[in-house]
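*Asks:* for reference, the sequence and a predicted model appear below.
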Amino acid sequence: MKKFHFIAIGGSAMHNLALALHQKGFEISGSDDTVFEPSKSRLEKAGILPEKTGWFSEKITKKTDGIILGMHARADNPELLRAIELGIKIYSYPEFLYEQAQEKTRVVIAGSHGKTTITSMVLHVLNYWEREVDYMIGAQLEGFDTMVHLTDDNDFMLIEGDEYLSSPIDLRPKFLWYKPHVTLISGIAWDHINVFPTEENYVQQFKTYIDSIVPGGVLVYNEADPVLAQLTQVSENAIRKEGYHLPNYEIKKGITFLKTDEGDLPLEVFGEHNLSNISGAQWICQLMGVDQAEFLEAIPSFKGASKRLEKIGDNGSSFLFKDFAHAPSKVKATSLAVAQQFEEHHKVFCLELHTYSSLNPEFISQYKNSLKLADEAIVFYDPEALKIKNGILLSKEEIKKAFGDENIIVFSESKEFYKFLEEHNWDKSILLMMSSGNYGGLNWEILRNSVLNF
């Protein structure tokens, strides 16, 4: 039995990997300075929740076979320093996944946006047809217990490939570890300004990634993205290149239908970005042994990944949606999807500025016109989040100018924001909440009742 210790075990991805290894029979321990739900309950149920929060160098001994280091930890973490002192192998999260998948066919879904949804679509179709694969995905998916699944027997490993940093001591993008045999890139839109200070630097990471595809492998790419199309065309890597595009569709009475040779298929998801994602997912499924007829039978029942244009509720007249959108390209795509699907409704779009990039005065102009399709556009930011990121306080006027709309309503006090939402008339309205945060501690049940029981 191998013994692995997780430094920062409480993270969404980290605790899922810990659970997967525990299920595989490894001895698992871990530490973290904070462990939130649902990580806490899930680790506790498995018997691997740390007894105390904090970092304890005495947990690291010569009997420890390996350290898995999360991004939440710092480079001067006492447990990390002890592991270095003892010469114990230290893995970043993606490095360890690669170790587990070296003998498998690695299928990686990458891109600035849509990668979680596309990975979810592929897993949904494979699960529908009871095709077993190993996987790692960045969001909880209906019908799956964990976001990571590892075996010794499965032929494929399906991985959501993130371009963010691997660990505090490994500053390479995660996806450069995976060396895929098959990969999909959904698009390239500058993000993570704290790591990639210029658009050119960000795009370079994807160029390097394309070069990392195993020779003879396959690159499936969104041909509607000009930056990605150009990178694909000039790549000299000896790989097969397959483009995908937006399929034919129709919206009838608030339902999106995918037009196929077998007739119109009603979908649970909507929006051109999701329809494009379906085209990409179909390519990946085909390369994993699922034919077109099988794919088209399975995909209509896909309801989406958690927090990805997730419907929190509706009463037939009013709808409440939550979306993880935070980067400008994601905000625009989600806004367009809702505007097209619900043309006759009053549309209220709320965006929380929560990330390092969105709170940066030099980057915020990237959001210009991103909320223009709303009947009411709202921007919220929590000054406490700004302090944590050492950001510069933006005035309401600066935010309105950056978004290109003087009518945008800006809130920086959570109580005022909550009061606005609770007192609003939601009759025949759509409320779309976009954020990678939680609006300063928003109670979703209260909001749901306000929107649906006006």
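*Replies:* The structure has been received and is ready for your questions.

*Asks:* for the residue most central in space within the chain, grab phi and psi.
*Replies:* By CA atoms, centre = their mean, the chain has its centre lying nearest to residue 116, at 4.8 Å. The phi and psi values for residue 116, taken as degrees, to the nearest 10, are phi -70, psi -40.

*Asks:* how far away is it from residue 452?
*Replies:* 27 Å (CB to CB, to the nearest Å). For glycine as for every other residue, the C-beta is placed from the backbone atoms N, C-alpha and C.

*Asks:* now do residue 134
*Replies:* With CB to CB as the criterion, residue 134 and residue 452 are 40 Å apart.

*Asks:* the two: which is more packed in?
*Replies:* Neighbour tally, residue 134 and residue 452, criterion other CB atoms under 10 Å: the higher count belongs to residue 134, 23 against 18.

*Asks:* so what's that one up against?
*Replies:* Residue 134 sits next to 100-101, 104, 149-151, 154, 156-158 when contact means CB atoms under 8 Å, 6 or more residues apart in numbering.

*Asks:* repeat that for residue 178.
*Replies:* Contacts of residue 178 (CB under 8 Å, 6+ apart): 94, 97-98, 101, 106, 108, 159, 161, 212.

*Asks:* take those and keep only those in strands.
*Replies:* 106, 108, 159 (DSSP state E).

*Asks:* now the last one: how far from residue 286?
*Replies:* Between residue 159 and residue 286 the distance, using CB to CB, works out to 18 Å.

*Asks:* which one's more surrounded, these two?
*Replies:* residue 159 (29 against 15).

*Asks:* quick one: pLDDT of the more buried one?
*Replies:* The model reports residue 159 with a pLDDT of 98.

*Asks:* now do the same for the nearest residue to residue 48 once chain neighbours are set aside: helix, strand or coil?
*Replies:* Excluding the flanking residues, the one nearest residue 48 by CB to CB, 6 or more residues apart in numbering is residue 28, at 4.9 Å. Look at residue 28: counting by DSSP: H, G, I helix; E, B strand; the rest coil, its state is strand.

*Asks:* pull the number of nearby residues for residue 28.
*Replies:* Neighbours of residue 28 (other CB under 10 Å): 23.

*Asks:* surely it touches residue 18?
*Replies:* Yes - judged on CB atoms under 8 Å, residue 28 makes contact with residue 18 at a distance of 5.2 Å.

*Asks:* overlap in contacts, those two.
*Replies:* 6, 48.

*Asks:* what sits against residue 315?
*Replies:* Counting by CB under 8 Å, 6+ apart, residue 315 makes contact with 452-453.

*Asks:* okay, it: pLDDT?
*Replies:* At residue 315, pLDDT is 92.

*Asks:* ditto for residue 390
*Replies:* Value listed for residue 390 in the pLDDT field: 56.

*Asks:* so where's the chain shaky on pLDDT?
*Replies:* Low-confidence segments of the chain (pLDDT under 70): 1, 385-392, 454.

*Asks:* let me see the ranges of the helices in it.
*Replies:* 12-24, 39-46, 78-86, 93-101, 115-128, 199-211, 226-234, 272-287, 292-298, 328-341, 383-388, 396-403, 414-423, 444-452 (DSSP state H).

*Asks:* deepest-packed of these, please.
*Replies:* A comparison of those by mean neighbour count, using mean count of other CB atoms under 10 Å, puts helix 115-128 on top with a mean of 25.

*Asks:* next, the angle from that one to helix 272-287.
*Replies:* 50 degrees (axes from the mean of the first three to the mean of the last three CA atoms, to 10 degrees).

*Asks:* helix 115-128 packs against which elements?
*Replies:* Contact partners of helix 115-128 among helices and strands, from 3 or more CB pairs under 8 Å, 6 or more residues apart in numbering; DSSP states H and E: strand 105-110, strand 156-160, helix 272-287, helix 292-298.

*Asks:* dump the ones you listed to JSON lines, plus distance to residue 65.
*Replies:* Converted to JSON lines, these look like this (distance: least, CB to CB, whole Å):
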{"stretch": "strand 105-110", "distance to residue 65": "23"}
{"stretch": "strand 156-160", "distance to residue 65": "21"}
{"stretch": "helix 272-287", "distance to residue 65": "34"}
{"stretch": "helix 292-298", "distance to residue 65": "40"}
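
*Asks:* right, and the ones you listed - which one's nearest residue 426?
*Replies:* Smallest distance to residue 426 across the helices and strands packed on helix 115-128 (CB to CB): 24.4 Å, for helix 272-287.

*Asks:* how much space between residue 10 and residue 129?
*Replies:* Counting by CB to CB, the gap from residue 10 to residue 129 is 34 Å.

*Asks:* more neighbours, these two?
*Replies:* Counted by other CB under 10 Å, residue 10 and residue 129 do not tie: residue 10 has more neighbours, with 24 against 13.

*Asks:* settle this for me: the more buried one is touching residue 37, isn't it.
*Replies:* No - here residue 10 does not reach residue 37: they are 10.0 Å apart, not a contact under CB under 8 Å.

*Asks:* thinking again about what came up before, looking at the helices and strands packed on helix 115-128, which is nearest to residue 72?
*Replies:* Closest among the helices and strands packed on helix 115-128, using CB to CB: strand 156-160, at 18.5 Å.

*Asks:* what's that closest one packed up against?
*Replies:* Counting by 3+ CB pairs under 8 Å, 6+ apart, strand 156-160 packs on helix 93-101, strand 105-110, helix 115-128, strand 134-136.

*Asks:* outside of the longest one itself, list whatever touches it.
*Replies:* Contact partners of helix 115-128, identified using CB under 8 Å, 6+ apart, comprise 107, 109, 111, 132-133, 135, 137-139, 141, 143-144, 158-162, 184, 186, 274, 277-278, 280-281, 284-285, 288, 290, 294-295, 297-299, 301-302, 304-305, 308, 324.

*Asks:* wait, residue 256 sits on residue 272?
*Replies:* No - contact status for residue 256 versus residue 272: not in contact, 9.5 Å apart, counting by CB under 8 Å.
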